[in-house]
Every structure is written in structure tokens, then in C-alpha cells.
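K.L.:
sequence and predicted structure below; questions after.
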Amino acid sequence: MAILDAMGELVVPARVPSALGDARIEAVIAGIKAAHRRPSTGGPNQSALLDPHAYADYGFCIHPDQGELIYLLCRALRARRVVEFATSIGLSTLYFAAAMRDNGGGIVIGSEIVPQKIAQAKRHLQAAGLSEFVEIREGDARETLRDLGGDVDFALIDGWPGADGPSLALQVMQIIAPQMQGGAIALNDNAEADYLDWIRDSASGFRSMSLPLKGGTELSVKV
């Protein structure tokens, strides 16, 4: 994990044991990392090809450092209902589900539009022994996440780049935000400009800061 030293410079500390403390889950995560590859085009952020179905064979996931942070924050919150946009092949889902299990129960509501990725995510969850804590909703998150069934404790916004108009990250967050209770946390992975403008405005109901993870991770708390 990248952190700042006393002079404000980025440094990388020695690797520490996983916060998960579960060899079975860690083995599944290691397998996902080992199999990771990028499309020759560089992916949707570097290509005009934005159709998510065109990338069905590629998993676009958070960094494990972000996953460790998600797990620890969910444990601290004693989170019981969390949501993610989008699930992809389920790396972030594993961290969320591990926290739900270790919190004594809860539900991870995932969203994914590509059926092949849902199938992969379910295989990873099965291998980790965490399937019972996850519901993955297939389709457009702007529809599937309109009713999350109760107060949300944590939301991961790691969505797909859109074409024109508001980013999908902003659109989905504005659907989820009214369903989040006070003290709930939102984590944004891709730093979409309109998302940052909105959530950093106190009128959004959030207080926010940027963390030096994966080039910039926005951490926000609903107040």
C-alpha cells in the first residue's frame, strides 16, 4: 500500500500479512491475481470500445490493498448490508463477503451486466466458501440497484466508463446514496471527475478525501 512519509513523498512499506487471516480466501485471491491480464487495447479507459460485453474475458478489479481496506472498514462498521458497482469477476466481492461472514452475517449486493463475469464471480465465491453472503443482480445497475432492501452500510463504486453525459459512477451513486444510512462509507475507484465534484460538495451529504491507493481512491462518509 502506498503511503506518505514525513516529507510528503510516496513510499511503499514492506508487505504485511493479509487482514483476512483466511488461507482459503487468500488462495482464491492469489489465483485471480495470477490469471489477471489486460486486453491489447488497454481496456475501456484507453479505447473507444466501451461495450462491456466486448470484454467478457477480462476482469477489471480493485487492487488487493483496496480490498483489505474494504474488509477492515466493514468490520469496523459492523456492516450488514453492502453494495458494489460493479462486481466483475468478484475480487471485491470476496473481501466484502469475508467481512459479512466475520461480522456474524450480512449481505453483499453485487451488480454486473456481463453474464460470463457473473459466472466467474460465483465460481470464485464458491471456491472461497462465501456464496451464502452474496446476491449478484444481473443487468444495468441503474435499474437493479434502485431497491437495496434496507439501509446500506458501505458502497463500492467501481463502474464502467460511459460515453457522453454524466458518468455511470455518478448516476449509480446518486441512486444508492439515499439508501445509505448516516455513517455509511462510499469508496470510489476510478476518480471520475463529475463523481468527485458531486461527492466533495457538502450539499451531497458526504464528507470526502482522496487516498493514495491505485492512483487515487476516494473515501467518503455520509453525515
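P.N.:
Ah, there it is. Since this is a predicted model, take the numbers as computed values, not measurements.
K.L.:
now residue 156: which helix or strand?
P.N.:
Using DSSP states H and E, residue 156 falls within strand 152-157.
K.L.:
and the angle for the next helix or strand after that strand with strand 152-157?
P.N.:
For strand 152-157, the succeeding helix or strand toward the C-terminus, using DSSP H and E, is helix 168-176. Here the directions of helix 168-176 and strand 152-157 differ by 170 degrees (axes from the mean of the first three to the mean of the last three CA atoms, to 10 degrees).
K.L.:
list of residues touching the next helix or strand after helix 168-176?
P.N.:
Sequence order places strand 180-188 as the next helix or strand after helix 168-176, per DSSP H and E. Residues outside strand 180-188 that contact it (CB atoms under 8 Å, 6 or more residues apart in numbering) are 66, 69-70, 73, 77, 151-158, 169, 173, 176-177, 195-196, 199, 206, 217-223. Yep, even glycine has a C-beta here, placed from its N, CA and C like the rest.
K.L.:
could you rerun that using 7 Å?
P.N.:
Identification of contacts with strand 180-188 by CB atoms under 7 Å, 6 or more residues apart in numbering yields 70, 73, 77, 151-157, 169, 173, 195, 206, 217-223.
K.L.:
buried subset of the residues you listed?
P.N.:
Among the contacts of strand 180-188, those classed as buried by 16 or more other CB atoms under 10 Å are 70, 73, 77, 152-157, 169, 173, 195, 206, 217-222.
K.L.:
give the buried residues for whichever strand or helix holds residue 30.
P.N.:
Using DSSP H and E, residue 30 maps to helix 23-35. Residues of helix 23-35 classed as buried: 25-26, 28-29, 32 (neighbour count, 16+ other CB under 10 Å).
K.L.:
counting by contacts, list what that helix packs against.
P.N.:
Helices and strands touching helix 23-35, by 3 or more CB pairs under 7 Å, 6 or more residues apart in numbering; DSSP states H and E, are helix 91-102, helix 115-128.
K.L.:
pick out the residue nearest the middle of the protein.
P.N.:
Here the mean C-alpha position of the chain is nearest to the C-alpha of residue 156 (CA atoms, centre = their mean), at a distance of 3.8 Å.
K.L.:
and for that one, nearest residue in space, chain neighbours not counted?
P.N.:
Leaving aside its sequence neighbours, residue 156 sits nearest to residue 84 (CB to CB, 6 or more residues apart in numbering; 4.1 Å).
K.L.:
A strand includes that neighbour, no?
P.N.:
Yes: judged by DSSP: H, G, I helix; E, B strand; the rest coil, residue 84 forms part of a strand.
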